[in-house]
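Asks: The following block contains a protein sequence and its predicted model.
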Amino acid sequence: MSENMKIVNEKTVRETDVKCSGCGATIEFDPESNKLVCPFCGLSKDLPKPEAQQVVAEIDFEAAKQRASLNWGTAKKLIVCSNCGGKTLYDEAQTSGNCPFCGSTSVMPVDGDEDVMAPGGVVPFAIDKQGAVKCISEFVRKKALAPSALKKNIKVEGLTGMYLPFWTFDSDTTSSYIAKIGFESTDSDGDTTTSYRKYRGVYEYFIDDEILIATDKIDHPHINKVLDFDFTALVPYRPEYLAGFASERYTVGLNEAWDRARMLMVKRLKHDIGEMERKKHHGDSVADVALSSRFDNVTFKYILAPIYLARYTYKGKTRPIAVNGQTGKVFCDVPSMLWVVFLIVLGVIVGGFLFQIILSLIFSAL
């Protein structure tokens, strides 16, 4: 990240009572003109039409050095060990590792790299490897239907701590919308029908830290389930934080990341608006939300956050594990003994049925 970008502490604000920037009065939405209009001073503000299904983004990312995506593929970069002078080839998107010659930690500085933006902050590891293994064991033990042998002794393999790159975006949003809300009614015959009503409105919301993983190189099914980082623990980036850990650079550039994040924001806004209108009008369902949003005062952070990746094998099948290196949150697939419980219950039912038949035969013979 360039020098004039900085990490700031932010808070989430929800605002639906829109104030006039001219006189401070509450302004109103005029559905005919699709404008926000102040009834006192007459100031108006154009809004995108919800029927257009378009997103208008007003972004100022001039401080960013690199806006294009960088997918380095199999390209390599030469790294020189500061301890022994050994030279090692690393994956171009990797920024730290251990020297294979002397075993010392070799960290590649990124401050002078003109091709890739340097991270603005790091969420440091708060859990060591032993702690990560403990978190995994506790996660499996809490699974009621997990095999007892696995609960007693899960063998974690290939545990690796690494920093993954993330983009986070904040934005003020103003959305004009049409929400289609369903209302159920039951007639005298007990038949249920649903009628729909449409509600227009304007919704303002500050979206804080929409997080997006900044690499497509990591193919792991569970990473997204453990990304609940506490970003108040962010510290300014220093290469020392990467020492001893693998680290990936971003391969999803700023432009592409914003496109993806904006889609997530729109999805969130549609859900929130639909639920808001459903509850307000005591509806039963949300059929659709037509939405068009304006994004203002967009800011971003490029950060590194800690993850442990590992695996375990049970009965010949290997399953991946993801652990949040800050919070200890774990996710992995755990085999279930539900089928055993089902067989036991089935056996009890069948046994009880047979027992009743035997009893009836005995009493009929007497």
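Replies: Perfect, I can see it now.

Asks: domains of this protein?
Replies: If you go by automatic domain parsing, the domain ranges for the chain are 14-335, 336-366.

Asks: Any chance you could list what contacts stretch 174-194?
Replies: Residues from elsewhere that reach stretch 174-194, judged by Cβ atoms under 8 Å, 6 or more residues apart in numbering: 29, 34, 47-51, 195-205, 269, 273-274, 277-278, 281, 283-294, 296. Heads up, the C-betas are built off the backbone N, CA and C, glycines and all.

Asks: Name the residues of stretch 160-177 that come out as buried.
Replies: Buried residues in stretch 160-177, counted by 16 or more other Cβ atoms under 10 Å: 161-177.

Asks: Give me the subset of these that lies in strands.
Replies: Among these, the members found in strands (DSSP state E) are 161-177.

Asks: hang on, Asn255 in a helix?
Replies: Yes - assigned with DSSP: H, G, I helix; E, B strand; the rest coil, Asn255 falls within a helix.

Asks: Now for it, how many residues are close by?
Replies: Asn255 is flanked by 15 other residues according to other Cβ atoms under 10 Å.

Asks: ok, now Ile207?
Replies: Per other Cβ under 10 Å, the neighbour tally for Ile207 reads 20.

Asks: So what pairs up with it in the strands?
Replies: Beta-bridge partners for Ile207, by DSSP bridges, are Ser171.

Asks: so Leu164 makes contact with Tyr308?
Replies: No - if you go by Cβ atoms under 8 Å, Leu164 and Tyr308 don't touch, sitting 10.8 Å apart.

Asks: Mind checking which of the contacts of stretch 174-194 are in helices?
Replies: With DSSP state H as the criterion, helices contain 269, 273-274, 277-278 from among these.

Asks: the helices in this structure, which residues?
Replies: For the chain, applying DSSP H gives helices covering 129-141, 148-152, 254-280, 338-365.

Asks: and the first one, what does it pack onto?
Replies: With contacts taken as 3 or more Cβ pairs under 8 Å, 6 or more residues apart in numbering; DSSP states H and E, helix 129-141 sits against helix 148-152, strand 156-186, strand 285-314, strand 317-324, strand 330-332.

Asks: For that helix, C-alpha coordinates in CSV please.
Replies: Only the C-alpha atoms of helix 129-141 are listed here, as CSV (Å, rounded to 0.1, in the frame of the first residue of the first chain):
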residue,chain,number,x,y,z
LYS,A,129,1.3,-24.8,16.5
GLN,A,130,0.6,-26.6,19.8
GLY,A,131,-2.3,-24.3,20.4
ALA,A,132,-3.6,-25.0,16.9
VAL,A,133,-3.5,-28.8,17.5
LYS,A,134,-5.3,-28.3,20.8
CYS,A,135,-8.0,-26.3,19.1
ILE,A,136,-8.4,-29.0,16.4
SER,A,137,-8.7,-31.8,19.0
GLU,A,138,-11.3,-29.8,21.0
PHE,A,139,-13.3,-29.2,17.8
VAL,A,140,-13.5,-32.9,17.1
ARG,A,141,-14.2,-33.9,20.7
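
Asks: Over that helix, what's the mean pLDDT, rounded is fine.
Replies: Over the span of helix 129-141, the pLDDT mean works out to 94.

Asks: Please apply the same query to the third one.
Replies: Over the span of helix 254-280, the pLDDT mean works out to 94.

Asks: Now do the buried residues in it.
Replies: Those would be 254, 256-258, 260-262, 265-266, 269-270, 273-274, 276-278, for helix 254-280 by 16+ other Cβ under 10 Å.

Asks: Show me what counts as buried in stretch 133-153.
Replies: Result for stretch 133-153 [16+ other Cβ under 10 Å]: buried residues 133, 135-137, 139-140, 146-147, 150.

Asks: residue ranges with poor pLDDT in the stretch 251-366 of the chain?
Replies: Low-confidence segments of the stretch 251-366 of the chain (pLDDT under 70): 337-348, 350-352, 355, 359, 361-366.

Asks: how much space between Lys280 and Ile213?
Replies: Distance, Lys280 to Ile213, using Cβ to Cβ, to the nearest Å: 35 Å.

Asks: and the closest residue to Glu275 other than its chain neighbours, how many neighbours?
Replies: Closest residue to Glu275 in three dimensions, ignoring its sequence neighbours and counting by Cβ to Cβ, 6 or more residues apart in numbering: Val286, at 6.9 Å. By the criterion of other Cβ under 10 Å, Val286 has 18 neighbours.

Asks: Hmm, Val286 is touching Arg278, no?
Replies: Yes - Val286 is in contact with Arg278 according to Cβ under 8 Å; the separation is 5.3 Å.

Asks: Could you work out the end-to-end span of stretch 308-319 for me?
Replies: End-to-end span of stretch 308-319 (Cα to Cα, to the nearest Å): 14 Å.

Asks: Enumerate the positions of that stretch that are buried.
Replies: Per 16+ other Cβ under 10 Å, stretch 308-319 contains these buried residues: 308-310, 312, 314.

Asks: how about JSON lines for those, with distance to Cys332 added?
Replies: Shown next, in JSON lines, are those (distance: Cβ to Cβ, whole Å):
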{"residue": "Tyr308", "distance to Cys332": "11"}
{"residue": "Leu309", "distance to Cys332": "11"}
{"residue": "Ala310", "distance to Cys332": "8"}
{"residue": "Tyr312", "distance to Cys332": "7"}
{"residue": "Tyr314", "distance to Cys332": "11"}
